[in-house]
Structure formats: C-alpha cells, structure tokens
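Colleague: Sequence first, then the predicted structure:
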Amino acid sequence: MTSVDVRGDLLSGLNPAQREAVEHGSGPMLVLAGAGSGKTRVLTRRVVRLIEQEGIPPQQVLAVTFTNKAAGEMRTRIADLLGAEPSGMWVGTFHSIGARLLRIHAQLTGRTQGFTIYDEDDTLAAVKHAMERLKISPKDRPPQAIVAAISDAKNALVSSAEYERLAMDPFSKAAAQVYRELDVALRQANAVTFDDLLVLPVYLLEQNPDVLEKYRRRFKHILVDEYQDTNRAQYRFVSLLGAGHGNVTVVGDDDQSIYGWRGADIRNILDFEHEFQGARVVRLEENYRSTPQILAVANAAISANTSRKGKTLRTTRPPGDSVTVVATLDERDEAEFVVEEISERRYAAKRRPLRDFAVLYRTNSQSRAMEEALRRHSIPYRLVGAIRFYDRREIRDLLAWLRIVANPADDEAFRRAVSAPRRGVGETTLDALAAFASSAGIPMLAAATHEKFAGSLRPTTRDALAAFSALVKRMNEKARESPVNELLRDLVVAIGYEEHLRAEGPGANERLDNVRELVAGAVETVQDDGGEIGLTPLDHFLQRATLVTSADALDPNADAVTLMTLHNAKGLEFPVVFLTGLEEGLFPLSRSMDNPESLEEERRLFYVGVTRAEDLLFISHARSRRRNGETMPSMRSSFLREIPASMVKDRSTMKLRGSAQQWERPSAAERRPGIPTWAPPRPSHDSRFTIHEAEHESQDQPRFVKGERVKHSRFGSGTIAELNGVGKETKVTVDFDDETIGRKRLVVAFAGLERGEE
Ligand code: ATP
Ligand code: MG
C-alpha cells in the first residue's frame, strides 16, 4: 500500500465533522457524540493520520480503549491502514496500560517485575485473610462489602491513610484497618489488584516527577475512547500525562455512561473543557449504524432522562423495518420467539449468518433460558461474560500453580495450589502457616519449609509441604527453559491432576477438555508487543489470562449467535438485536427504581442496547418470569411506556394469546395443570404472530386501599400509606412495622403483597 492510497483511505468515508476531528492538529479535543456516529472510527483514523501524515513515531502515541478486543481491533485497523504493524505504540485498556507501566517501574511500588495480578476472587480471599488476622468477624462485616468499600476508595484515589482519617462509623473504621492490612499483604505477596492497575500508576507518576516527565515527553498524543466511563483514577492518569502538551483527544457520549455504580464519573466528560482550556469540541450528529426506525426509538428512550447535555442524532440510512415490541408468556416462550426469528432469517432468501444476531439482557442469569432454546434447536451461540473460561475451577487451579511457580511470594496462589489436589495440608495448618509467615514477614511458600515452623508439624504434613515446595522449585527451573505449554503439560502430570478430576466423577471430561484448551492456548503465547519490558513467557501468559475481559471472548469470525449482558455490549454493533426482559424490576432493575440517578443510568443502558442494532430490533417482555427459583408475574417495563406507540409494532406470541383466558382467572396459582397452553408447532412461517390487540389488563392482582394492613414475604407486616397508578402499574407505599425496613415503595404487580397480618 502506498502512502497516497493511505491518505485517500484515511479521509474517505468521513463526513465534514469527522474529518475535522481526524485532521485536528495539536491541543485538546473532545468529540462528544451519540451512539453510532463514528467516534471510534474517528479515533482510529486519527491515530493513523498522526503516524502517517504528521510523522509522529508510533511509540509517541498512547491510545486507550475500553476492552482488549477494541484495542486489538484498533491495532489491526491501524496495521491495515498503515500496511504494517505499528511497533512501540501503546494501545490497550486502562488496565493493560497500567499493568505495563507498573511492570517497568515495579520497584517503585514495592514489587518486582513478575508481580501477580489478583482478580476479584483472589482479592476477596486476600481481604478475608486480612480480616482473620485482624480478628474482624465476617458475620459483623461482610467481606464483600469491605471489598467494595476499599475498591470505591481506591478508584476515588483515597489512600488507606486518608480513608482511616475519614472513617467515622464502625464499618468504615473496620474497612480502613483491612485496607491498610491488605495493602501490606499485597506488597508482601508481590501482587496487585485490578483496581491497583489503575491507581498505582497514578501514585507512581505523582510521586516520581522524573518518571512523569519521561512519559510526558514520550507520549506526545493521548487518545481515549468511551471517555464517559472513566473514573477518578483514570481521569487523573490522563490529565497527569496530558497536562504538559495538552494533546489529548477524548471521545464519548454522556448518554452512554453506564458504569456509575463502579465509580465512573460522568463529570469527567462534562468538565473536560474546563480541565483542558481551549479544547476544541466536535459534535458528530449523523448516525451511520441504525435505521431511522431504530434511531427514533433510541432518541425517544433517552429523552426521558433529565440530566444530559442533549444532542442531535440524525439518521443517514434509508428506512428499514419497524422496531417490534413482543409480549411473551414467560422466559421460555421469549427464548422460543428469539430462536424462531433467528431460524427464519438464517434460511431466508436473503440469508443472514448467525454472527449477525445478538441477544442482550440485563442480568447474566437470563442467559439460561436462551441457551436452552438455542441448544434445543442446534443453533451455535457464544456466551460472553457469564463464567469466563479463566474463571472455571480447573483453570483457576492450574493458573494458581503457574502463579506460584512464577512468583513464589504469591500467597493466594500458594493456598489454592497446595490444595489442588489436596495433599494432606488442612485448613488449620494453613492458618498456622499464614500466621507464622505474616509474623516472620516472609511468603507462605518460604515459611512452609522454614525449620521453625516445619518442626512443629506432624511428619506427614511436614513431608507434604516439603514435597510441594520441591515441586514448585522444579517447575520454576523448568519455566526458565521451556515454553508455557510444555510446562503446563508436565505440571498436570506431576500433580496428578487428570486422576484428580476423574476421581470426582461426572463433569470430568468437560473439565479435561478445558485443561487441554488451556494447554493449547498457551502455545499461542505471543511476545509482549514492542518487546520493551522483557516479560518472561510465563509472566506474559499469566498477565494475559488475568486481563482478558468478558467482551474479549468474542471472536468476530465465528458463526454463532452472541449472548451477552447490556454492559458487555458497549461499543459493539450487530445487524439484528434482541433486547429481552423489558420488565419492571428486571430492566430497570428493582434496586434502581427508588433512586432517580440510578434509574437514569438504567435508561442509558437501555439506550446503549437499542443503539447496538443496525437493521432490526426486537424488544421483548414476558408476562411471568422465573427469578431466583420463583415464578413471578411481571409487568412491561416503564421504559417501553416512554416510547410513543406509533414508533413500534406490537406483537404477542401465540402461546401468550393461547393463555389469555387463564390470565383472567382470579389467580395464576389456580391454573389447573393439564390445560394445554401451548399450541402445536406453527404450520406456516408467519402464523405465530398477530398484530397485537389491546393488552389484557391483568385481573389477578389484589386491589388494596389506603390504611389497609398487608404482609410481605421478606419485609413482614405493614400498613399501606399511599397508592398510585392504575391497573398493573399500581404502586403502593407501605410503612413496615420493622423499623429497620421502614417505608418502601413497591409495585403491586410483583411485590407479592397479601392482605392481613403475618
Ligand atoms: P458507539 O457510541 O456505539 O461506540 P461510535 O460513535 O463509536 O458508536 P462507530 O462504531 O465508530 O460509532 O461507527 C458506527 C458505524 O458507522 C460503524 O460501522 C462505522 O464503520 C460506521 N461509520 C462511521 N462513520 C461513517 C461514515 N462517515 N460513513 C459510513 N459509515 C460510517
Ligand atoms: Mg465506539
């Protein structure tokens, strides 16, 4: 490819505003624009232009994306446009870039280059162990809550010392102690948490002016995608590096900010112009992704939010099909509906490959019914996010082994490896060992064979620990000269892992397949890009295994339907999208319904979902749904009410219509089993649906009056203080007798309230 071609390529297919953003010279720039307007495209093209036309060396560019997949995509797009892999350019997620920086300067944070990255489970375990040492009971202070508090503090750049100063109530005081203890333990274990990958680089830059200066000089251009979802630490990272030259380009959409619950701060985008004085602001107003019908629904949905900048988003595509809202009977009926729609299009005259379809939902557990239906119809699918490959027990066991081999100070890995498989070292021994290690200030592995400790053990336990330690040592030597896949293969044999899994019985074959996949995957371990850091292949492999995010599992070439949560769908696009479970309490989630801010965040998530669709969008809801083991009646989501009826086509499934009569009975519970509610397989392709008639008002809800006594399965008895709304949308305000519960606002349709006392 000649550079003339590249230049032609570079600006072709861009509108004037996009072109302006791509061609922008130096200085800060904010591209603020709605979904599908080409923000990511602009960012990629801009990187190429800087390198190709401005002659900026690739190593002077830092580009931050939200998933590793997006980073990989950007790399290939840039490589395609440039005709060569840009060497030395830093493209990645905040987490992977943070990890990279920390590897280079590990000593400055009290670690060595081979530090371990603790994932959420390791971090929870480390917190529990810290609590044990501090004698804080997990019953009084749930470890999960402590983890969350520490994580929030870290992401807000509140250090343990500062947290301790600010802690007033007993919970925060306990959390402060654990926070401090955890930091010490992490350093001792030569480990960092996910949050640390964002936070430690900030401290590193703040506390070492020479390092900061070095990177300020190095990264002449910084570009950040999905800027609306950055939190305090990420924001600070960008402003520290960009403050000197101000060549910072950020792109984002305030309407797509969906990580507020994880500390993302929408102010970061709204305040950009203030932080970077004189920033150029570019607005992109054309949407290239979706049909006008889909876009109209998206615009209507988001306009119900009050706290937003407000943007115009015009369609560029010719009209397509209407958006369809489908009423279904229950989650199985909903899944059947999705499968039928997919099957039909898969074999229609204008065939669509399976990779064109995505099914999105609010909560992971909703995937089950979908998966069953897809399996029943032998349709391949790809599940993004639920149990990640690397979260499977057998994989975690083997990774723990690799970790302790790579980093003998990794105490969490030690604990896991020593009992996978079990080798006669019990919990009590481990606790004593941990206590000894902590007081001696040495890692557990070293403590295990320390004569002061080993001397106090029964001979069998002592031998078991000695054998374990010898094996780790042997593997450590092996790791220096062998590739990771060979190391893994030897390890599996040496620890008798296959026999261990077989002895467990059912499920062993599947687990062994996963083990084989891990070994095969290790073959592909690539050299660290740019090769600057000189990670060993094992370190590199482990880092990759910990940093793959859920959306990374998505292989765009595989022909399969994609299933994922709405959070994972950000930034992606699909020709056909099914947005499922649009029910009050599920989407929006019930816990967000009492809080206007979280309700707005849920609505933004809905907007993200709608705007993933290119050609066709189906939005479905079910009359009843099994949740947490119970079948509950459910009600159309209020988000659907906010969309004008003229914008969508309503349908209902045959199964739902077949059951309509039963819905008019006094109670769903009275349904007699044996009444067929499911019609025989549909004869022709379109008879299953009819244009939706007026919705049946559900008659099976009790009607309440103000002042009436009611009881709730979880909250106990109370008195109705207020009633609002009509029919299925009736909400009640109940003053519960239990003072710790107090006043609650509930939707009658699924609160399960009963009359009278407990
Ligand atoms: P999101 O907010 O969802 O992340 P985005 O603003 O980043 O969306 P892109 O993913 O960059 O949007 O672009 C959306 C789609 O429109 C892509 O398929 C992209 O290739 C296409 N596109 C962008 N700009 C143009 C253009 N000027 N002409 C034709 N297609 C375009
Ligand atoms: Mg994008």
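Modeller: Noted; the coordinates are in hand. Ligands and ions are numbered 1, 2, ... in the order given.
Colleague: in the sheet, who's paired with Val91?
Modeller: Ala63 (DSSP bridges).
Colleague: From Ser137, how far out is the nearest residue to Thr449 once chain neighbours are set aside?
Modeller: Taking C-beta to C-beta, 6 or more residues apart in numbering, and ignoring the residues beside it in sequence, Thr449 has Ser469 as its nearest neighbour in space, at 4.9 Å. C-beta coordinates here come from the backbone N, C-alpha and C atoms, glycine included. For Ser469, the distance to Ser137 (C-beta to C-beta, to the nearest Å) stands at 33 Å.
Colleague: Tell me which of the two has more neighbours.
Modeller: Ser469 (19 against 10; other C-beta atoms under 10 Å).
Colleague: From Ser26, how far off is the more buried one?
Modeller: 57 Å.
Colleague: same question, Asp330
Modeller: 58 Å.
Colleague: Can you pick out the residue with more neighbours from those two?
Modeller: Asp330 (22 against 12).
Colleague: Now that that one has come up, it's in contact with Ala622, right?
Modeller: Yes: taking contact to mean C-beta atoms under 8 Å, the distance of 5.1 Å between Asp330 and Ala622 places them in contact.
Colleague: Now do the strands in the stretch 151-300 of the chain.
Modeller: Defined through DSSP state E, counting those that start in this stretch, the strands belonging to the stretch 151-300 of the chain, from first to last, are 191-193, 221-224, 248-252, 280-284, 286-287.
Colleague: correction: the stretch 501-650 of the chain
Modeller: Counting by DSSP E, counting those that start in this stretch, the segments of the stretch 501-650 of the chain that form strands are 561-565, 574-579, 613-622, 624-627, 630-633, 648-652.
Colleague: close to ligand 1, is the second one?
Modeller: No: Strand 574-579 does not reach ligand 1 (C-beta under 6 Å from any ligand atom); its nearest approach is 10.6 Å.
Colleague: and that strand with strand 613-622, angle?
Modeller: When axes from the mean of the first three to the mean of the last three C-alpha atoms, to 10 degrees is applied, the directions of strand 574-579 and strand 613-622 differ by 20 degrees.
Colleague: Kindly confirm my reading that Thr719 is in a strand.
Modeller: Yes: assessed with DSSP: H, G, I helix; E, B strand; the rest coil, Thr719 lies in a strand.
Colleague: Quick check: the gap between it and ligand 1.
Modeller: Plainly put, Thr719 is 47 Å away from ligand 1 if you go by C-beta to the nearest ligand atom, to the nearest Å.
Colleague: what's the closest non-adjacent residue to that residue?
Modeller: Asp735 (5.2 Å).
Colleague: in its sheet, what does the strand or helix carrying the one you found sit against?
Modeller: Secondary structure assignment for Asp735, by DSSP states H and E: strand 731-736. Using DSSP bridges, the strands paired with strand 731-736 are strand 716-724 (antiparallel), strand 743-747 (antiparallel).
Colleague: closest one to Gln60 among those strands?
Modeller: Comparison of these against Gln60 by C-beta to C-beta identifies strand 743-747 as nearest, at 54.7 Å.
Colleague: Any idea which of the strands of the stretch 501-650 of the chain gets closest to Arg403?
Modeller: Between Arg403 and the strands of the stretch 501-650 of the chain, the shortest gap by C-beta to C-beta is with strand 561-565, which sits at 28.3 Å.
Colleague: Now do that closest one: everything it contacts.
Modeller: In this structure, residues lying in contact with strand 561-565 by C-beta atoms under 8 Å, 6 or more residues apart in numbering are 342, 354-355, 357-364, 367, 370-371, 374, 379-385, 550-551, 554, 574.
Colleague: Convert that strand to PDB, retaining C-alpha atoms only.
Modeller: Coordinates of the C-alpha atoms in strand 561-565 are reproduced here as PDB (Å, rounded to 0.1, in the frame of the first residue of the first chain):
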ATOM      1  CA  VAL A 561     -25.300 -16.000  17.900                       C
ATOM      2  CA  THR A 562     -23.900 -13.700  20.500                       C
ATOM      3  CA  LEU A 563     -25.500 -13.700  24.000                       C
ATOM      4  CA  MET A 564     -24.400 -11.100  26.500                       C
ATOM      5  CA  THR A 565     -25.400  -8.500  29.100                       C
END
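Colleague: tilt between it and strand 574-579?
Modeller: Using the same axes, to 10 degrees, the direction of strand 561-565 lies 50 degrees away from that of strand 574-579.
Colleague: Among the contacts of strand 561-565, name the buried ones.
Modeller: Neighbour counting over those (16 or more other C-beta atoms under 10 Å) leaves 342, 354-355, 357-362, 364, 367, 370-371, 374, 379, 381-385, 550-551, 554, 574 as the buried ones.
Colleague: picking up where we left off before, wait, isn't the residue nearest to Thr719 in contact with Ser717?
Modeller: No: the criterion here is C-beta under 8 Å, and Asp735 misses it with Ser717 at 10.2 Å.
Colleague: and the strands of the stretch 151-300 of the chain, which is most packed in?
Modeller: strand 248-252 (a mean of 26; mean count of other C-beta atoms under 10 Å).
Colleague: what's the spacing between the closest residue to Arg187 other than its chain neighbours and ligand 2?
Modeller: Nearest non-adjacent residue to Arg187, counting by C-beta to C-beta, 6+ apart: Gly110, 4.5 Å away. Note on Gly110: its distance to ligand 2, by C-beta to the ion, to the nearest Å, is 37 Å.
Colleague: cool, and Arg591?
Modeller: With distances taken as C-beta to the ion, Arg591 is found 28 Å from ligand 2.
Colleague: Quick check: closest non-adjacent residue to that residue.
Modeller: Among residues not flanking Arg591 along the chain, Ser598 sits closest, at 7.4 Å (C-beta to C-beta, 6+ apart).
Colleague: shouldn't the one you found be in contact with Gly260?
Modeller: Yes: Ser598 lies in contact with Gly260 (C-beta under 8 Å); the separation is 7.5 Å.
Colleague: Check the secondary structure at whichever residue of the chain sits closest to ligand 2 for me.
Modeller: Of the residues in the chain, the one nearest ligand 2 is Thr40, at a distance of 3.3 Å by C-beta to the ion. Following three-state DSSP, we place Thr40 in the helix state.
Colleague: So Pro421 lies in a helix, does it not?
Modeller: No: residue assignment for Pro421, taken from three-state DSSP, gives coil, which places it outside any helix.
Colleague: Now do the contacts for it.
Modeller: With contacts defined as C-beta under 8 Å, 6+ apart, Pro421 is in contact with Ile495, Gly496, Tyr497, His500.
Colleague: what about it, distance to His500?
Modeller: 4 Å.
Colleague: now do Val42
Modeller: With distances taken as C-beta to C-beta, Val42 is found 52 Å from His500.
Colleague: of these two, who's got more company?
Modeller: Neighbour count, other C-beta under 10 Å: between Val42 and His500, Val42 has more, with 27 against 17.
Colleague: okay but the more buried one is in contact with Ala21, surely?
Modeller: Yes: when contacts are counted by C-beta under 8 Å, Val42 is listed as touching Ala21 (4.7 Å).
Colleague: Can you work out which residues contact both of those two?
Modeller: Listed as contacting both Val42 and Ala21 by C-beta under 8 Å, 6+ apart are Val31, Leu284.
Colleague: so what's the residue in the stretch 251-400 of the chain positioned nearest to ligand 1 up against?
Modeller: Sorted by distance to ligand 1 under C-beta to the nearest ligand atom, the residues of the stretch 251-400 of the chain start with Tyr288, at 3.3 Å. Residues touching Tyr288, when contacts are defined by C-beta under 8 Å, 6+ apart, comprise Gly36, Ser37, Gly38, Thr316, Arg317.
Colleague: Format those residues as a markdown table; extra columns: neighbour count, pLDDT and secondary structure.
Modeller: A markdown table is the format used below for the contacts of Tyr288 (neighbours: other C-beta atoms under 10 Å; pLDDT from 0 to 100; DSSP: H, G, I helix; E, B strand; the rest coil):
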| residue | neighbour count | pLDDT | secondary structure |
| --- | --- | --- | --- |
| Gly36 | 27 | 96 | coil |
| Ser37 | 28 | 96 | coil |
| Gly38 | 24 | 94 | coil |
| Thr316 | 15 | 95 | coil |
| Arg317 | 18 | 96 | coil |
